[in-house]
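Peer 1: Okay, predicted coordinates and the sequence, questions at the end:
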Amino acid sequence: MKIVIIGGVAGGATAAARIRRLDEQAQIIVFERSGYVSYANCGLPYYIGGVIKDPEELTLQTPESFFSRFRVIMKVKHEVTAIHPYKKTVSVKNLESGEEFEENYDKLILSPGAKPTQPRIPGVGLEKLFTLRTVEDTFRIKEYVETKHPKSAVLAGGGFIGLELAENLRDMGMEVTIVQRPKQLMTPFDPDMAAFIHGEMRRHGVKLALGHTVEGFARTEDGVDVLLKDDEPLHADMVVLAIGVTPDTRLAKEAGLELGIKDGIIVNDRMETSAPDIYAVGDAVQVKHYVTGNDALISLAGPANKQGRIAADNVCGGDSRYPGSLGSSVIKVFGMTAAATGINETIAKKAGIDADKVVLSPLSHAGYYPGGKVMTMKVVFEKETYRLLGAQIIGYEGVDKRIDVLATAICAGLSATRLKDLDLAYAPPYSSAKDPVNMAGFMIDNLSKGILKQFHLEDVYNLPTDGSVTLLDVRTVFEYGRGHVKGFRNIPVDELRERLGEIDPGKPVYVMCQSGLRSYVAARILAGNGFDCYNFSGGFRFYDAVTHDRRLVESTYPCGMDR
């Protein structure tokens with residue numbers, strides 16, 4: 001059996017190695033148009049910033065090492081120019097010699113990946129305008145930074161690449177501005193959670209021009225102007241386009257394969273395309289989202305590698321199935337870690353799912369053990385059924401651990417209330433006896449049993465101010481004096497029982513504290529004394545961070561300075 005694979009990075013390289021492990025006799029040829037195979041896309045920004053110093057560390061395998069271990073022929077700088085499904089051949093061009101030839105196959109695996117989205121606007125293609133996808137792109141940016149010593153950069157796009165590159169360029173001493181059409185960075189997160197990412201970026205000197213549309217680029221004597229719709233241009237020594245990626249599916253389209261969202265290749269759960277004996281994997285394919293069941297494009301290394309393995313199994317006569325993508329992700333944001341899994345509240349509502357959430361601020365480990373740091377968790381679930389939909393966590397230590405537990409719970413089909421039952425490892429340096437994931441489960445369980453009623457950030461703005469409800473802040477007098485929500489009166493939780501007479505029993509009571517824990521205790525005291533009460537999810541800390549960020553987003557120039 002002869003297998004041809006187009007693309008030798010994540011999915012393609014994984015498929016090649018897996019096929020060899022399953023079939024020692026198969027002939028395997030991989031065509032890769034760049035000069036590198038099996039390289040770490042996710043590490044590219046860190047090489048530019050000098051965190052990864054040796055460029056060889058970016059390549060997990062070379063054509064020589066791949067052949068030595070797996071007897072796979074890796075032909076780099078060979079571009080497949082056409083696929084001919086009817087005669088089971090591909091047309092190939094050697095990019096070094098110019099030679100063109102056809103290669104036949106018994107089975108074909110497409111792993112072309114995705115390409116940086118190139119908007120059709122003036123100035124695309126300027127010398128000081130870069131994209132970052134391949135090792136060659138990385139070397140071009142690295143060389144420019146080291147030889148031209150730019151002092152400023154504008155990054156068009158606030159996704160994974162934009163944030164990672166911003167951090168690395170900022171650590172090199174450059175002035176960095178991110179311009180983004182949505183009014184938030186990192187759309188896997190809800191806007192309220194993204195506020196914490198914005199805060200960390202600003203603390204490290206990154207300027208944010210959110211809610212601005214790039215209309216073009218113009219060369220100047222000393223750099224590039226980024227032209228913005230209805231606003232003054234941003235000037236920089238260099239610009240990096242990081243506005244997203246698009247499935248690289250020209251070959252598939254010209255070959256007549258069935259395409260879907262943004263021309264992503266449609267595959268079934270065996271990674272088979274609409275053409276016989278042709279499989280497709282990775283960023284170029286359309287998949288089903290594990291939570292919603294809707295068609296989706298999810299460009300992440302984990303799914304690409306799994307899909308490569310599944311395609312290889314089926315090429316070799318097996319019957320492996322891809323259950324769908326959950327979209328679990330994690331990113332380093334200077335000193336913080338941000339992670340998400342499943343769907344967020346915004347996506348749930350767009351999908352027509354009646355969703356609810358809990359927001360909590362637990363410590364990363366036991367409070368009595370030194371060094372614990374607060375994380376902010378948002379767990380989203382479906383009302384009535386309590387189906388677990390997704391989660392977002394932003395903090396420092398232990399974020400990745402908790403998001404993986406939640407991702408596993410979603411894959412296992414656990415309800416949100418079952419989070420309370422998970423038997424998770426505990427020792428004071430690593431967690432608390434009530435792990436943050438368990439705490440989220442306790443809160444959701446209380447909601448399901450009617451023990452807890454809550455209100456959210458969006459409800460605060462609509463609370464009546466005519467005296468028909470009681471607004472209560474149960475933090476200490478000192479905390480209250482440092483800042484509080486207008487209209488909320490202060491009775492510290494430890495004085496509440498003695499001061500119940502100050503609260504009208506005929507009015508609903510909306511209770512707030514710093515994190516949501518003391519206000520929950522207060523709510524139980526009030527409920528036990530006949531009051532109808534609601535606890536604020538997330539606490540004043542959450543309210544203050546989100547509202548402060550919203551003011552900045554709505555009241556800043558593109559340059560990031562307050563009006």
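Peer 2: That came through, no problem.
Peer 1: mind listing what's buried in stretch 125-144?
Peer 2: Across stretch 125-144, burial judged by 16 or more other CB atoms under 10 Å covers 128-135, 137-139, 141-142, 144. Just so you know, the C-beta spots here come from the backbone N, C-alpha and C atoms, and that holds for glycine as well.
Peer 1: what two of these are the furthest from one another?
Peer 2: The span of the buried residues of stretch 125-144, defined through CB to CB, is set by Lys128 and Val135 at 20.3 Å.
Peer 1: before we move on, back to that, dump the buried residues of stretch 125-144 to TSV, plus pLDDT.
Peer 2: Formatted as TSV, the buried residues of stretch 125-144 follow (pLDDT from 0 to 100):
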residue	pLDDT
Lys128	90
Leu129	91
Phe130	92
Thr131	88
Leu132	87
Arg133	83
Thr134	82
Val135	83
Asp137	88
Thr138	89
Phe139	89
Ile141	93
Lys142	92
Tyr144	93
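Peer 1: In helices only, show me those.
Peer 2: Counting by DSSP state H, the buried residues of stretch 125-144 place 135, 137-139, 141-142, 144 in helices.
Peer 1: For Gly158, state which of these is nearest.
Peer 2: Closest to Gly158 out of these is Ile141 (18.0 Å), distances taken as CB to CB.
Peer 1: tally of neighbours for Leu185?
Peer 2: Other residues within reach of Leu185, judged by other CB atoms under 10 Å, total 25.
Peer 1: Next: the one 3 residues further on.
Peer 2: Other residues within reach of Pro188, judged by other CB under 10 Å, total 24.
Peer 1: Output the buried residues of stretch 125-144 in JSON lines; the columns should cover distance to Thr376.
Peer 2: Shown next, in JSON lines, are those (distance: CB to CB, whole Å):
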{"residue": "Lys128", "distance to Thr376": "38"}
{"residue": "Leu129", "distance to Thr376": "36"}
{"residue": "Phe130", "distance to Thr376": "34"}
{"residue": "Thr131", "distance to Thr376": "33"}
{"residue": "Leu132", "distance to Thr376": "29"}
{"residue": "Arg133", "distance to Thr376": "32"}
{"residue": "Thr134", "distance to Thr376": "35"}
{"residue": "Val135", "distance to Thr376": "36"}
{"residue": "Asp137", "distance to Thr376": "34"}
{"residue": "Thr138", "distance to Thr376": "33"}
{"residue": "Phe139", "distance to Thr376": "38"}
{"residue": "Ile141", "distance to Thr376": "33"}
{"residue": "Lys142", "distance to Thr376": "35"}
{"residue": "Tyr144", "distance to Thr376": "37"}
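Peer 1: follow-up on the earlier one: quick check, nearest of the ones in helices among the buried residues of stretch 125-144 to Ala236?
Peer 2: Distances from Ala236 to those, taken by CB to CB, are shortest for Tyr144, at 12.5 Å.
Peer 1: So for Leu22, what's the pLDDT?
Peer 2: pLDDT for Leu22: 97.
Peer 1: That should have said Glu254, apologies.
Peer 2: 97.
Peer 1: residues contacting the closest residue in space to it that isn't next to it in sequence?
Peer 2: Take Glu254 and drop its neighbours on the chain: the residue closest to it by CB to CB, 6 or more residues apart in numbering is Ala82, 6.5 Å away. By CB atoms under 8 Å, 6 or more residues apart in numbering, the residues touching Ala82 are 90-91, 251, 254-255.
Peer 1: The spatially closest residue to Asp421 that is not a sequence neighbour sits in which helix or strand?
Peer 2: Nearest residue to Asp421, sequence neighbours excluded (CB to CB, 6+ apart): Gly441, at 7.1 Å. For Gly441, the host element (DSSP states H and E) is helix 436-448.
Peer 1: From the chain's centroid, how far away is that helix?
Peer 2: Distance of helix 436-448 from the chain centroid (CA atoms, centre = their mean, to the nearest Å) equals 24 Å.
Peer 1: Tell me the buried residues in it?
Peer 2: For helix 436-448, by 16+ other CB under 10 Å, it's 436-448.
Peer 1: Can you classify Leu163 as helix, strand or coil?
Peer 2: For Leu163, the assignment made with DSSP: H, G, I helix; E, B strand; the rest coil gives helix.
Peer 1: Run a quick neighbour tally on Ala338.
Peer 2: Neighbours around Ala338, by other CB under 10 Å: 26.
Peer 1: pretty sure it contacts Ile197?
Peer 2: Yes. If you go by CB atoms under 8 Å, Ala338 and Ile197 touch, sitting 5.6 Å apart.
Peer 1: overlap in contacts of these two?
Peer 2: Joint contacts of Ala338 and Ile197 (CB under 8 Å, 6+ apart) are 186, 189, 394.
Peer 1: Quick check: PyMOL command selecting the buried ones in those residues.
Peer 2: Selection of buried members from these for PyMOL, criterion 16+ other CB under 10 Å:
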select buried, resi 186+189+394
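Peer 1: ok, which stretches of the stretch 251-400 of the chain are strands?
Peer 2: Along the stretch 251-400 of the chain, the stretches classed as strands by DSSP state E, counting those that start in this stretch are 265-266, 278-280, 285-288, 295-296, 329-333, 336-342, 355-360, 376-382, 388-395.
Peer 1: Which other helices and strands does the last one contact?
Peer 2: For strand 388-395, the helices and strands in contact under the criterion 3 or more CB pairs under 8 Å, 6 or more residues apart in numbering; DSSP states H and E are helix 191-203, strand 336-342, helix 345-350, strand 376-382, helix 399-411.
Peer 1: what about it, distance to the chain center?
Peer 2: From the chain centre to the centre of strand 388-395 is a distance of 11 Å (CA atoms, centre = their mean).
Peer 1: what angle do it and strand 336-342 make?
Peer 2: Put simply, strand 388-395 runs at 180 degrees to strand 336-342, going by axes from the mean of the first three to the mean of the last three CA atoms, to 10 degrees.
Peer 1: how far off helix 191-203 does strand 388-395 point, in degrees?
Peer 2: Calculated by the same axes, to 10 degrees, strand 388-395 forms an angle of 20 degrees with helix 191-203.
Peer 1: Pull up the pairing partners for strand 388-395, direction included.
Peer 2: Its sheet considered, strand 388-395 pairs with strand 336-342 (antiparallel), strand 376-382 (antiparallel) by DSSP bridges.
Peer 1: re the thing from before, so which of the shared contacts of Ala338 and Ile197 is the closest to Gly367?
Peer 2: Ile394 (19.2 Å).
Peer 1: Verify the stated contact: that closest one with Gly335.
Peer 2: No. Ile394 is beyond contact range of Gly335, at 11.5 Å (criterion: CB under 8 Å).
Peer 1: residue ranges of the helices in the stretch 401-550 of the chain, please?
Peer 2: With DSSP state H, counting those that start in this stretch, the ranges of helices along the stretch 401-550 of the chain come out as 436-448, 457-460, 477-482, 517-528, 539-554.
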